[in-house]
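Trainee: A predicted structure for the sequence below; I have some questions about it.
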Amino acid sequence: MWSVPLIVGMAVAPVWQWRTLILLVAALAFFLVRYPLATIIKTRKRPTTDRAWWLRWSIGYGAIAALCGAWLILIERLYLLIPIGLIGAMLVAFNLWLVSRKQEMSVYGELSGIAGLALGAPLTYYAASGQLDGTAPLLWLVNALYFGGTVFYIKLKVRQQPRLPAPDRLSDRLLKSRACLTYQSVVLTVIIGLVALDHMPALLPLAFVPMTLKVIYGAARWQDKRSLNLPRLGVIELIHSLLFAVLVIAAF
C-alpha cells in the first residue's frame, strides 16, 4: 500500500529526475513516523519509561521528512508539494485521533489511511516530471480505489467468515459477502465510467479484473478458522498488488 502508489507515479511520469529519490526518503520517513506517535498515544495512560524512546524516534523520522521536504520545496522549487503534504498531514492527524479513540481499525479509519498512502502516486509523479497535470489526481484515485477494496476483502476473510458457519447455498455466501462485492462493483462502475468519458486509459479496467475475480472466489469459498492462514493471505495480496501496478503502468 505504501510502495505501489510511489512506483506507479514514477513509472507513469513522462520524465524522471534524481530528486525523486529524495521524495522517496521523505515519504518513507513520513510513513514511519506514524507508528511511534500511535504507540505514544496508546500508552499515554500507562506507566512506562519507553515513551521518551518512542518520542525520539518520532522526532528523528519527522526531521528526516521535514529536511527532505524542505529541499524539494526550497531548492527544487516543487511548491505544490505543500498542499499535498498538508492533506497527508491532516489524514495522519485524523488517523492518530482515531487511535486515541481505539477506532483506527474501523472501515473509515483504514480507508482514510489508504487515501493518505495513495497520495504517493501524485507525489512521485510531480517530483519526477515537475508538473501536476490531470493525470496526477487520476493516479491517486486509482490507487485509493484499489487498495480500499483490500480493506473489505481482508475483513471478509479474517474477521467475518471464520466466525460464522459456512452457508450451504452459494447465494447465501454471496449475500453475506455483500459489502465486499458491493464495493468492488462500485469501483468497476466508476473506473469504466471514467474510461467511457475518456478521462482514463481504455485498458485501465483490466487492472481491476484480477482483484474482482479474487473477491468473487473469496466470497464463494468460505474461510473457516482451521484453513485461515494470514501469511498466505499476505502473499496473495502482495502478488495482486504487484500485478495491479504492472497493469496500471501498462494502461497509462
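Mentor: Sure thing, it's come through. Residues are numbered from 1 along each chain as shown.
Trainee: Next, the buried residues of stretch 16-27.
Mentor: Within stretch 16-27, the residues that qualify as buried are 19-20, 22-24, 26-27, counting by 16 or more other Cβ atoms under 10 Å. Any C-beta I mention is one placed from the backbone N, CA and C, and that applies to glycine too.
Trainee: Keeping just the C-alphas, turn it into CSV.
Mentor: The C-alpha coordinates for stretch 16-27 follow below in CSV (Å, rounded to 0.1, in the frame of the first residue of the first chain):
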residue,chain,number,x,y,z
TRP,A,16,12.3,11.1,-14.4
GLN,A,17,14.7,13.1,-12.3
TRP,A,18,17.0,12.1,-9.4
ARG,A,19,15.3,14.3,-7.0
THR,A,20,12.5,11.7,-6.9
LEU,A,21,14.8,9.7,-4.6
ILE,A,22,14.7,12.5,-2.1
LEU,A,23,10.9,12.3,-2.2
LEU,A,24,11.0,8.6,-1.6
VAL,A,25,13.1,9.1,1.5
ALA,A,26,10.7,11.8,2.7
ALA,A,27,7.7,9.5,2.0
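Trainee: Any idea how far it is from the middle of the chain?
Mentor: Using Cα atoms, centre = their mean, to the nearest Å, the distance from the centre of stretch 16-27 to the centre of the chain it belongs to is 19 Å.
Trainee: Show me the helices in the stretch 151-252 of the chain, by range?
Mentor: For the stretch 151-252 of the chain, applying DSSP state H, counting those that start in this stretch gives helices covering 170-176, 178-196, 209-220, 230-251.
Trainee: Check which residues of the second one are buried.
Mentor: Buried positions in helix 178-196, judged by neighbour count with 16+ other Cβ under 10 Å: 180-181, 183-184, 187-188, 191, 194-195.
Trainee: One more: the third one?
Mentor: Within helix 209-220, the residues that count as buried by 16+ other Cβ under 10 Å are 211-212, 214-215, 218-219.
Trainee: Kindly indicate which of those residues lies nearest I249.
Mentor: Checking the buried residues of helix 209-220 against I249 with Cβ to Cβ, the nearest one is M211 at 16.0 Å.
Trainee: if I read this right, that closest one contacts I239, doesn't it?
Mentor: No: assessed by Cβ atoms under 8 Å, M211 is found out of contact with I239, at 10.9 Å.
Trainee: Report the contact partners of the closest residue in space to I82 that isn't next to it in sequence.
Mentor: The shortest distance from I82 to any non-neighbouring residue, by Cβ to Cβ, 6 or more residues apart in numbering, is to I73 (6.5 Å). Counting by Cβ atoms under 8 Å, 6 or more residues apart in numbering, I73 makes contact with 79, 81-82.
Trainee: among those residues, who's most crowded?
Mentor: Greatest neighbour count in the contacts of I73, by other Cβ atoms under 10 Å, goes to L81: 22 neighbours.
Trainee: Strands of this protein, start to end?
Mentor: Under the criterion DSSP state E, the chain contains no strands.
Trainee: Let me know the outermost residue of the chain.
Mentor: What lies farthest from the middle of the chain is D168; by Cα atoms, centre = their mean that is 34.5 Å.
Trainee: what sits against that one?
Mentor: By Cβ under 8 Å, 6+ apart, no residues touch D168.
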